[in-house]
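J.: Have a look at this fold, sequence not included:
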């Protein structure tokens, strides 16, 4: 009898894991979390969403597309400018930190920095391109 109870417990647990994973997948897929790998929103997705949500006409959709594309060009230029300044400050800070560490700590610090840059967000706050 106890084997059946354990089996039911394990099966119930596995069903919960599968249901949770399916729910996470559906949420991430439809919310766009797996679509935007770059960390920046997709302009076409924004236009589609606003067109659908606001019931825009074809003329309004065209105007919205132009506005969004113009805005994204400005954002990219700003990201590039700020990103260069951010990287300079970040590199200076890392150099100052390395100066206070002994050789073993420097090795560990360099590994931490390498892992951070590998996992960090793209753009001015993340690793340099």
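T.: Structure's in. What do you need? All of these numbers come straight from a predicted model, not from anything done at the bench.
J.: buried sites along the host helix or strand of residue 48?
T.: Residue 48 is part of helix 43-54, with elements assigned from DSSP states H and E. Buried positions in helix 43-54, judged by neighbour count with 16 or more other C-beta atoms under 10 Å: 43, 47, 50, 51. C-beta: built from backbone N, CA, C; applies to glycine.
J.: distance between the helix or strand just after it and the chain's centre?
T.: Per DSSP H and E, helix 43-54 leads on to helix 58-99 as the next helix or strand towards the C-terminus. Computed by C-alpha atoms, centre = their mean, to the nearest Å, the chain-centroid distance of helix 58-99 equals 15 Å.
J.: Please work out the average pLDDT along helix 58-99.
T.: For helix 58-99, mean pLDDT rounds to 89.
J.: just checking, next helix/strand downstream of it?
T.: helix 103-119.
J.: That next one: which residues count as buried?
T.: The neighbour-count criterion (16+ other C-beta under 10 Å) identifies residue 113 as the buried residues of helix 103-119.
J.: Who are the packing partners of it?
T.: Secondary-structure packing of helix 103-119 (3 or more C-beta pairs under 8 Å, 6 or more residues apart in numbering; DSSP states H and E): helix 58-99.
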